[in-house]
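Participant: Have a look at this prediction, sequence included:
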Amino acid sequence: MTAAAHRTQAQRREQTRTALLDATIDCLVDVGYARTSVQEICARAGVSKGAVQHHFTAKAELMAAAVEHLTTKLRRQLAASLDELPSGGTGVAAAIDLLWTGYSGTLSTAVTELWVAARTDPELRAAIRPVDRALGRATLEHVTQVAGELPPERAEMLFWLTVNLTRGLALDAELGGDPNRRRQLLEEWKRIAVLLYQDAATAPS
């Protein structure tokens with residue numbers, strides 16, 4: 001078999017895997033985890049059930065890979081946007097807006113479905129926890145660059161406060177909460193975060 005043929009087979013395998021991951025995310029968002037069956041994923045991806053078994057040994061592995069697939073795209077988008085932000089308080093406020101955009105939307109819907117299911121599913125919990133932590137670590141590295149004047153522990157605190165706030169706001173959105181209240185809360189947190197940043201940046205070392 002020629003090298004070109006090997007590359008073509010590898011490309012087809014990767015295309016099939018990507019189609020399965022995209023279909024899994026679509027299912028989680030559209031019908032929820034409980035109704036996200038392998039049969040439904042295959043139908044949406046346009047592949048056979050055997051293709052799933054070829055790429056993934058268990059449903060939990062497929063779920064974790066799908067979230068990793070989505071978060072990898074999100075991480076790249078966040079990294080490119082965060083690298084362009086100004087430093088200082090203006091950059092902190094803009095970074096919070098970016099994190100809200102990243103941690104809400106499709107990612108929030110899909111991951112919320114998996115978190116709820118993982119509470120009573122140890123196999124699923126073990127599969128998705130490393131993916132979630134990896135996203136946090138990678139994003140934190142870029143956020144720390146924006147808040148370069150802060151001690152690392154202060155930058156990390158601001159980051160995780162923002163992540164947990166945005167996740168809570170995203171869940172509120174899923175439950176039909178008041179969008180005006182969410183916007184007000186986010187703006188208030190940006191104001192507080194900038195003040196915390198300025199206080200920490202100007203404090204004597």
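Facilitator: Structure's in. What do you need?
Participant: which residues touch stretch 26-35?
Facilitator: Taking Cβ atoms under 8 Å, 6 or more residues apart in numbering as the criterion, the residues outside stretch 26-35 that touch it are 36, 40-41, 44, 63, 66, 106, 109-110, 113-114, 116-117. To be clear about C-beta, it is placed using only N, CA and C from the backbone, and glycine gets the same treatment.
Participant: tell me which of the residues you listed is nearest to Leu20?
Facilitator: Top of the list for closeness to Leu20, among the contacts of stretch 26-35 and by Cβ to Cβ, is Ile41 at 6.3 Å.
Participant: Ignoring the adjacent residues along the chain, who's closest to that closest one?
Facilitator: By the measure of Cβ to Cβ, 6 or more residues apart in numbering, the closest residue to Ile41 outside its immediate chain neighbours is Ala23, 4.8 Å from it.
Participant: Could you chop the protein up by domain?
Facilitator: The chain breaks down by automatic domain parsing into domains covering 1-55, 57-202.
Participant: what does the average pLDDT come to for the shortest one?
Facilitator: Translated: domain 1-55. With pLDDT averaged residue by residue, domain 1-55 scores 86.
Participant: which parts of the helix or strand encompassing Arg183 are buried?
Facilitator: Secondary structure assignment for Arg183, by DSSP states H and E: helix 179-202. Along helix 179-202, the positions that meet the burial threshold by neighbour count (16 or more other Cβ atoms under 10 Å) are 182, 186, 189-190, 193-194, 196-197, 200-201.
Participant: All good on my end, thank you.
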